[in-house]
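**Q** Show me the folded form of this:
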Amino acid sequence: MALEWIEGGVTAAKGFLAAGVYCGIRKNKTKSDLAMIFSETPCAAAAAYTQNLVKGAPIQVTKQNISDGVAQAMICNSGNANTCNADGEEKAMQMCQIAGQALGIPAENVIVASTGVIGQTLPIEPIQSGMPHLVKQLSHTGSDAAAEAIMTTDLAKKQVALKVTGNGVEFVIGGIAKGSGMIHPNMATMLGFLTTDAKISPQDLSRALALAVQDTFNMVSVDGDTSTNDMVAILASGKEEKGEISAEGFSLFVEGLKEVCTALARMIAKDGEGATKLLVCHVNGAKDDPSARIVAKSVICSSLVKTAMFGADANWGRVLCAIGYAPVTTDIHRVDLDFSSSAGLLSVCRNGAGIPFDEDLAKKILSEQEININVTLHDGEACATAYGCDLTYDYVKINGDYRT
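**A** Below is the predicted model of the structure:
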């Protein structure tokens, strides 16, 4: 199999157009707030949703709309989450109707999403008035504009595209995502919009997305708060002549999808609110896959680990503490722990006990922008990776006045 990162984001795959504009939901007129992804033909569709019991109205409507496994467009506003509102589902359905009418497609073929402040009524008038301009802006180079329009507290746009070739099959998977705060591994914890020109059934597409999400987006945590609104959705146009996914080629598609989702997951973790460092926890030697995931997430979610990494402090006992309270059975007296970065490798613990290390080297290694926390449990052969960020003063500042 050959993997080639290419330009184009969600419009890199054949058959897709995208756009992003300012319509008036946000007070700040310099920030676009309405995005659209459109396929020239109906697509196989699938999505994964937040496990928070409080769910945004767009999620309920999207679930209904793609219950038949078909969609042709995605519409998303930023600046207002349309959550915990008495008229929320009505507004989400109106968004689908407005988009469908402008595109000339059924309203039920539209995936709808919203992100922003919870509990404030979503004004539908800006979306209604802005829709003609949004549709007019749709283009095969519009991924960048769409990626910008879905941002909230994000500092960086998140988009990727990957060309996958192997076993006589060729296809492209592209994606954009947003997410900076209220990020915790319990799908979904962000917004992700994916496209592919592979020809794949809705059932297989849903199965592939679930497998990819498990090891990527569900392994991200910024602050331990599972969002109410977020989801990841994928459309497959089937436009690539060499892109038919047979039973034998399913694993190839899943591998490509995991690569795209991993890249976006890393971007989300790196862009955590107030973050200065990307933290990557690699767990090896677990007794099974679920145990490996649980331990990796426990480490990456620890506020004490996150603050130690912010201070470039090799306080490795905090990592063992996080492993120790993870709900798995492991022999803590066999755990090995290393920190690494582009500045080098630092071994700090063997067989559950500290070993001598150079504090100056530790400071140098932990001062880099990407830190690896490498855990070996010696319980088996399973492994997992989780993605997070450091916890800084700025996280409190950002969230202290987020609404006001």
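**Q** Going by C-alpha atoms from here, please, whenever you check contacts or count neighbours.
**A** Will do.
**Q** Correct me if wrong: His378 contacts Leu337.
**A** No - applying Cα atoms under 8 Å, one finds His378 not in contact with Leu337, separated by 11.4 Å.
**Q** quick one: which of these two has more around it?
**A** Leu337 (23 against 19; other Cα atoms under 10 Å).
**Q** so where does the more buried one fall, helix or strand?
**A** In the assignment (DSSP states H and E), Leu337 maps to strand 336-341.
**Q** Can you get me a residue count around the closest residue to Met36 other than its chain neighbours?
**A** Closest residue to Met36 apart from its sequence neighbours, by Cα to Cα, 6 or more residues apart in numbering: Ile75 at 4.6 Å. Neighbourhood size, Ile75 [other Cα under 10 Å]: 24.
**Q** Show me which positions of stretch 318-325 end up buried.
**A** 318-324 (16 or more other Cα atoms under 10 Å).
**Q** What are the contacting residues of it?
**A** By Cα atoms under 8 Å, 6 or more residues apart in numbering, the residues outside stretch 318-325 that reach it are 295, 298-299, 302, 304-305, 332, 352.
**Q** Need these in TSV (columns: pLDDT).
**A** Formatted as TSV, the contacts of stretch 318-325 follow (pLDDT from 0 to 100):
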residue	pLDDT
Val295	98
Ser298	96
Val299	97
Ser302	95
Leu304	96
Val305	97
Ile332	95
Gly352	97
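**Q** Pick the one among those closest to Ile59.
**A** Ser298 (27.7 Å; Cα to Cα).
**Q** Flag every buried residue along the helix or strand harbouring the closest one.
**A** In this structure, Ser298 sits in helix 289-301 according to DSSP H and E. Using 16+ other Cα under 10 Å as the test for burial, helix 289-301 gives 289, 291-301.
**Q** Quick one: list the elements packing against it.
**A** strand 278-286, helix 317-325, strand 382-389 (3 or more Cα pairs under 8 Å, 6 or more residues apart in numbering; DSSP states H and E).
**Q** in the stretch 201-350 of the chain, which ranges drop under the pLDDT threshold?
**A** 223-227 (pLDDT under 70).
**Q** What segments of the stretch 201-350 of the chain are helices?
**A** 202-215, 250-270, 289-301, 303-310, 317-325 (DSSP state H, counting those that start in this stretch).
**Q** mind checking the longest strand of the chain?
**A** Ranked by number of residues, the top strand in the chain under DSSP state E is strand 34-49.
**Q** List the buried residues for the helix or strand following it?
**A** Beyond strand 34-49 on the C-terminal side, the first helix or strand identified by DSSP H and E is helix 57-65. For helix 57-65, burial by neighbour count (16+ other Cα under 10 Å) applies to 57-63, 65.
**Q** so can I have a markdown table of these showing distance to Ile150 and pLDDT?
**A** Listed next are these as a markdown table, based on distance: Cα to Cα, whole Å; pLDDT from 0 to 100:
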| residue | distance to Ile150 | pLDDT |
| --- | --- | --- |
| Ala57 | 17 | 94 |
| Pro58 | 14 | 95 |
| Ile59 | 16 | 94 |
| Gln60 | 19 | 94 |
| Val61 | 19 | 97 |
| Thr62 | 17 | 97 |
| Lys63 | 20 | 96 |
| Asn65 | 21 | 98 |
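**Q** farthest pair in those residues?
**A** Ala57 and Asn65 (12.6 Å).
**Q** Domain boundaries for this structure, per the record?
**A** The chain resolves into domains spanning 2-270, 278-400 when parsed by automatic domain parsing.
**Q** Can you tell me which of these is most buried?
**A** domain 2-270 (a mean of 22; mean count of other Cα atoms under 10 Å).
**Q** okay, how far is it across it, tip to tip?
**A** 27 Å (Cα to Cα, to the nearest Å).
**Q** re earlier: now, which of the buried residues of stretch 318-325 sits nearest Glu125?
**A** For the buried residues of stretch 318-325, the nearest to Glu125 is Ala322 (48.2 Å; Cα to Cα).
**Q** Much appreciated, bye for now.
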